[in-house]
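In: Predicted structure and sequence below. I'll ask about it afterward.
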Amino acid sequence: EAQVTQNPRYLITVTGKKLTVTCSQNMNHEYMSWYRQDPGLGLRQIYYSMNVEVTDKGDVPEGYKVSRKEKRNFPLILESPSPNQTSLYFCASAVYFGTATNEKLFFGSGTQLSVL
Amino acid sequence: AQSVAQPEDQVNVAEGNPLTVKCTYSVSGNPYLFWYVQYPNRGLQFLLKYITGDNLVKGSYGFEAEFNKSQTSFHLKKPSALVSDSALYFCAVRDGPAAGNKLTFGGGTRVLVKP
C-alpha cells in the first residue's frame, strides 16, 4: 500500500530536549516536505526536499533541521524545542514533476507535538 | 507573495442540502489550485485540482470546484452533502507545475453536516 508513515503519532517533551520525528514514504517520490498545522493558519511549510541531499527552507524553518540521506526518509529534527513549536506536524511526498494525474501530495497521519 | 483566503471558519449545512466552501487566491502567473480534506486524526487527502482547461473540475466523493479567473476564486461544491462529509477542508495554490514550486494553503474551513 502506498503510504507516508510518520512516527511518533503523539509526543510530549520538555523545552530543550532534542527530538526527531521520522517520515518515510514507499512511493519512490523525489519530493518530500514538512508542514506544521496551527488553528486558523492552515499548513505552513517548514522545509522541503526535491531529492536526496537537496533540501531547502520553507516559510517557517527557524528551530528545525532536516536531512535527506535516502530517498524514502526525511526526518524532522528539533535541536532545542520550545513551547511555540507545539503543533501538529505533517510530512508529505509527491512526484517532483508529475503529469496531470500525479501532482498531488500524499500526507502522513500527523504527529501531535507538545513542548512543555 | 501568493496567498489563499478561506473566509469562513465553519460552514454548517443540513444533510442533503448543497454544500459550498469558498476560496479566493492570489498568485503571479497561472494558478495551480487544489482542494484537500482532513478527516479527524488523519492526514490531508487530495480531493481535486485545477491546472488548465474546463473551469468546472470534478473530484473525489462527488465534490467539484469552479474556477473563476476574473474573481480569482476556486469554490468547492457538492450538490447533496452527507454527514460523512464533515471534515476540515483546505484550499491551496501553487505557482508552477512542479511539486517543488511554492504551495500555499488557506487557513481551512470546517464543514459540519447535520443529519
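Out: Great, that's in hand.
In: from memory residue A:58 sits against residue A:44, does it?
Out: Yes - taking CB atoms under 8 Å as the definition, residue A:58 is a contact partner of residue A:44 at 7.2 Å. C-betas here are computed from N, CA, C, even on glycine.
In: what residues do these two have in common as contacts?
Out: Common neighbours of residue A:58 and residue A:44 (criterion: CB atoms under 8 Å, 6 or more residues apart in numbering or on different chains): residue A:35.
In: right, and residue A:95 touches residue A:30 too?
Out: Yes - counting by CB under 8 Å, residue A:95 touches residue A:30, with 6.7 Å between them.
In: On the pLDDT front, check whichever residue of chain A sits closest to chain B for me.
Out: Relative to chain B, the nearest point of chain A is residue A:107 (3.3 Å; CB to the nearest CB). Among the per-residue scores, residue A:107 shows a pLDDT of 94.
In: The one 5 residues further on too?
Out: Here the pLDDT value assigned to residue A:112 is 96.
In: Count the residues that sit near the residue in chain B that chain A sits nearest to.
Out: Ranked by CB to the nearest CB, the top residue of chain B for proximity to chain A is residue B:43, at 3.3 Å. Applying other CB atoms under 10 Å in any protein chain shown, we find 22 residues neighbouring residue B:43.
In: Would you list the phi and psi of the residue nearest the centre of chain B?
Out: Among the residues of chain B, residue B:35 comes closest to the average C-alpha position under CA atoms, centre = their mean, at 3.5 Å. The phi and psi torsions at residue B:35 (degrees, to the nearest 10) take the values phi -120, psi 130.
In: Identify the residue spatially nearest to it, adjacent ones excluded.
Out: Sequence neighbours aside, residue B:47 is the residue nearest to residue B:35 in space, at 4.3 Å (criterion: CB to CB, 6 or more residues apart in numbering or on different chains).
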